[in-house]
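Novice: Predicted structure and sequence below. I'll ask about it afterward.
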Amino acid sequence: MFAFIVSRILQALPVLLSVALISFAMFAYVGDPVAIMLGQDYTQAQRDALVAELGLDRPFWVQFATFIGNAAQGEFGLSYRLSRPVADLIAERAPATLELAFTAAVLALLVGVPMGVYTGLYRNSWLSRFFLTFSLIGVSLPTFLIGILLILVFAVWLGWLPSFGRGDTVRLGAWTTGFLTVSGLKALVLPAITLGLFQLTLIMRLVRAEMLEVLRADYIKFARARGLPNRAVHFGHALKNTLVPVITIVGLQLGAIIAFAIVTETVFQWPGMGLLFIQSVGAADIPVMSAYLLLISLVFVTINLIVDLLYYAVDPRLRIGRGKGGH
Amino acid sequence: MSNAAPLLEVRNLRVEFPTRRGTLVALDDVSFSIAPGEVLGVVGESGAGKSMTGAAIIGLLEPPGRIARGEILLNGKRIDNLRYEQMRRIRGKEIGAIFQDPLTTLNPLYTVGQQLTETMTTHLPINPAEARRRAIEWLELVGIPAAAQRIDSYPHEFSGGMRQRVVIALALCAEPRLIVADEPTTALDVSIQAQVIALLKTLAREKGTAMMLVTHDMGVIAETADRVAVMYAGRIAEIGPVREVVKHANHPYSAGLMASIPPLDRRVERLAQIDGAMPRLSAIPRGCAYNPRCPKVFSRCADERPDLMDAGTTRAACWLYASEVPHG
């Protein structure tokens, strides 16, 4: 088990290194950091001094190694736009994005999985047809449009929920949370629905397709022939066998939710990393962009590792050949 | 043929599959009974309706298949018209089932112990600890070595023959009085087949369990069954005591089927075979379904469909055994 984790982490290293390389290349070659930092009036001597101070005169690989070393310590330099350490900016914004992504993912799972099971079991009921039609909307409508429509209905017309921002937050050490206040929770509703709707419909359709497949399996017929109650057959024997593909997709989608919350955060002016990223793109704030890129790749790699571990937990057949110690 | 009140009685069973191009009749006018403790073998070519009969009895016909006519009685009570939930309580508890391929009938994500205990706690008034104790007993009974350790193993950790033993334990663990075994040895190695059949036979005899044994292996039938039903194109062609059907089949189809078993005690130049193939369900010929292939066909066979009639030692659906005066 431990060897398995270590091997997965070692496999993830090349991925992280390549992303770091791209990120560093962007840092070094998109625009001229020296010109940006010095402003419009400077002498060649000032420029040379800054180049030497920043280490830009050193060979490429040395610079890259320094970049990696700093990145590993969470050191990404100063934001050009806000003149504050990038690491602080991201640490400030991360809780908002993570809470939003978490809520959206939980919503997508808690609603999507039961809907998928239902539509898989009762293919021809009118409710299933309704869910499937509804899921087409979720899959095909763009996120920003869903967000704007939700704002129109629930914030503008009905006035039930706020249309932007995060509401009141509570500070818990380095983390700020919106989960503990009423206004924070109310502010979370619309963005979470907007962000989670696509994932919800995707999960529903995936679970449905997998259920239809699994329900035809011999072991389901045998479970019925043994007289097991429907609940045990459907939610035990059938659903558990659909989990491996569902975990894969949910894992990837969770990464996507965190990475691409950009649109939702923009529509709702949600003070998270996505909004920070889009503002940094607008201002060509390279340090923030490259740090964000690295962070997202780290998120994906971590989620993939967790997904692999979950396979291991769900499917005993994957445990063979890894030594009996795993049991 | 037994005098005891039958455990299972199937009367004029007809199973239909409504399709876009019309209704297919998969089983028609199938009648037989099984006495307590008796083993009825059901043989026939692929597609004759053997497995379909088993599926109808346990109430698990694949939709859109449905029982269109006839009755199925267990201990004199109809079970073909029960609601799903009532029938569920009978499955596993009164009628156990064994399927063909042990590699696919066990859920890969549950240990064999979990599958055994959930079956027992569903049907028997026992707690999980007691169920686990009995699960180990059952695994020992079906010949799994080191059962107390193997109970926590997953199906993929067993060989095919061992898995079929687990399936047999699962079918028997709630002590049903009838087992529907649908080709229980077809997917196994020949060397394992004999062991599994012997096990099934021994357990059925010890527990007094009746069995409907669906197979196309005549050797298995000859060894195991008390009576045999030969099926052809969704109907029973002949039914009678195993010795009579195997040695002196009355229906030309059963005779052909038995003749096609290669004899072991002498060399033969050419294996006997029945010419032609069984008709598709959508194109069952008029009259006797077997008439285009039958060596003894005569005019009546193409016009009228024969019901089972007394053919001396067995009952056969063949006009050769009609009483002198043709009716109708």
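Specialist: Arrived safely, thanks for sending. Being a predicted model, the structure only gives us computed values, none of them experimental.
Novice: Please make it C-alpha for all contacts and neighbour counts, starting now.
Specialist: Fine.
Novice: any chance you could map the helices in chain B?
Specialist: Under the criterion DSSP state H, chain B carries helices at the ranges B:50-57, B:84-90, B:102-105, B:112-123, B:128-141, B:147-150, B:160-172, B:190-207, B:218-224, B:242-247, B:252-259.
Novice: Dump those to a markdown table, plus distance to chain A.
Specialist: Shown next, in a markdown table, are these (distance: least, C-alpha to the nearest C-alpha, whole Å):
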| stretch | distance to chain A |
| --- | --- |
| helix B:50-57 | 9 |
| helix B:84-90 | 5 |
| helix B:102-105 | 4 |
| helix B:112-123 | 6 |
| helix B:128-141 | 15 |
| helix B:147-150 | 13 |
| helix B:160-172 | 7 |
| helix B:190-207 | 17 |
| helix B:218-224 | 23 |
| helix B:242-247 | 28 |
| helix B:252-259 | 30 |
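Novice: Distance to A:L318 and mean pLDDT for the ones you listed - can I get that in JSON lines?
Specialist: Listed next are these as JSON lines, based on distance: least, C-alpha to C-alpha, whole Å; pLDDT from 0 to 100:
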{"stretch": "helix B:50-57", "distance to A:L318": "33", "mean pLDDT": "92"}
{"stretch": "helix B:84-90", "distance to A:L318": "33", "mean pLDDT": "92"}
{"stretch": "helix B:102-105", "distance to A:L318": "17", "mean pLDDT": "90"}
{"stretch": "helix B:112-123", "distance to A:L318": "17", "mean pLDDT": "94"}
{"stretch": "helix B:128-141", "distance to A:L318": "25", "mean pLDDT": "94"}
{"stretch": "helix B:147-150", "distance to A:L318": "18", "mean pLDDT": "92"}
{"stretch": "helix B:160-172", "distance to A:L318": "19", "mean pLDDT": "92"}
{"stretch": "helix B:190-207", "distance to A:L318": "27", "mean pLDDT": "87"}
{"stretch": "helix B:218-224", "distance to A:L318": "37", "mean pLDDT": "85"}
{"stretch": "helix B:242-247", "distance to A:L318": "47", "mean pLDDT": "90"}
{"stretch": "helix B:252-259", "distance to A:L318": "46", "mean pLDDT": "88"}
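Novice: Contact residues of chain A facing chain B?
Specialist: Taking C-alpha under 8 Å from any C-alpha of the partner chain as the contact definition, chain A meets chain B at A:217-222, A:224-229, A:237, A:240-241, A:314-317.
Novice: let's see 10 Å
Specialist: A:216-230, A:232, A:236-238, A:240-241, A:314-317, A:320, A:327 (C-alpha under 10 Å from any C-alpha of the partner chain).
Novice: coming back round to it: deepest-packed of the helices of chain B, please.
Specialist: The highest mean neighbour count among the helices of chain B, using mean count of other C-alpha atoms under 10 Å in any protein chain shown, belongs to helix B:160-172: a mean of 25.
Novice: in the stretch 201-328 of chain B, which ranges drop under the pLDDT threshold?
Specialist: For the stretch 201-328 of chain B, the stretches with pLDDT under 70 are B:324-328.
Novice: my guess is B:L308 contacts B:L320, does it?
Specialist: No: in terms of C-alpha atoms under 10 Å, B:L308 does not count as a neighbour of B:L320; the distance is 11.3 Å.
Novice: Tell me if I'm right that A:F27 and A:L293 touch.
Specialist: No: at 11.3 Å, A:F27 does not count as touching A:L293 under the criterion of C-alpha under 10 Å.
Novice: list residues touching both of those two?
Specialist: Contact criterion C-alpha atoms under 10 Å, 6 or more residues apart in numbering or on different chains; residues shared by A:F27 and A:L293: A:P287.
Novice: that older thread, neighbour-wise, which of B:L308 and B:L320 wins?
Specialist: The neighbour count for B:L308 versus B:L320, taken as other C-alpha atoms under 10 Å in any protein chain shown, is higher for B:L308 (22 against 18).
Novice: What backbone torsions are found at the residue nearest to the more buried one when sequence neighbours are not counted?
Specialist: Distances taken as C-alpha to C-alpha, 6 or more residues apart in numbering or on different chains put B:A317 closest to B:L308, at 4.0 Å, once the chain neighbours are dropped. Main-chain torsions, B:A317, degrees, to the nearest 10: phi -90, psi 80.
Novice: what's the spacing between B:A317 and chain A?
Specialist: B:A317 sits 32 Å away from chain A, going by C-alpha to the nearest C-alpha, to the nearest Å.
Novice: quick one: that residue and B:N291 touch, right?
Specialist: No: using C-alpha under 10 Å, B:A317 makes no contact with B:N291, being 11.7 Å away.
Novice: For those two, list the residues in contact with both.
Specialist: With C-alpha under 10 Å, 6+ apart as the test, B:A317 and B:N291 both reach B:P252, B:R305.
Novice: returning to what we had before: turn the helices of chain B into a markdown table, columns for distance to B:L178.
Specialist: Formatted as a markdown table, the helices of chain B follow (distance: least, C-alpha to C-alpha, whole Å):
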| stretch | distance to B:L178 |
| --- | --- |
| helix B:50-57 | 11 |
| helix B:84-90 | 11 |
| helix B:102-105 | 19 |
| helix B:112-123 | 15 |
| helix B:128-141 | 17 |
| helix B:147-150 | 25 |
| helix B:160-172 | 9 |
| helix B:190-207 | 9 |
| helix B:218-224 | 15 |
| helix B:242-247 | 19 |
| helix B:252-259 | 26 |
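Novice: Among those helices, single out whichever gets nearest to A:R129.
Specialist: A:R129 sits nearest to helix B:84-90 of all the helices of chain B, at 23.9 Å, using C-alpha to C-alpha.
Novice: center of chain A, which residue is that?
Specialist: Residue closest to the mean C-alpha point of chain A, counted by C-alpha atoms, centre = their mean, is A:I258 at 2.5 Å.
Novice: Could you tell me whether that one really is in a strand?
Specialist: No: checked against DSSP: H, G, I helix; E, B strand; the rest coil, A:I258 lies outside a strand; its state is helix.
Novice: pLDDT weak spots in chain A?
Specialist: Applying pLDDT under 70 to chain A flags residues A:31, A:320-327.
Novice: domain parsing for it?
Specialist: Following automatic domain parsing, one gets these domains for chain A: A:1-28+A:286-327, A:31-73, A:88-283.
Novice: Please identify the deepest-packed of those.
Specialist: Mean neighbours per residue, mean count of other C-alpha under 10 Å, is largest over the domains of chain A for domain A:88-283, with a mean of 19.
Novice: For it, what is the spacing between the initial and final residues?
Specialist: When the termini of domain A:88-283 are compared using C-alpha to C-alpha, to the nearest Å, they are 18 Å apart.
Novice: same question, stretch B:87-102
Specialist: 24 Å.
Novice: The residue positioned nearest the centre of chain B bridge partners, please.
Specialist: Nearest residue to the geometric centre of chain B (C-alpha atoms, centre = their mean): B:V214, 2.8 Å. Beta bridges link B:V214 to B:V42, B:D182, judged by DSSP bridges.
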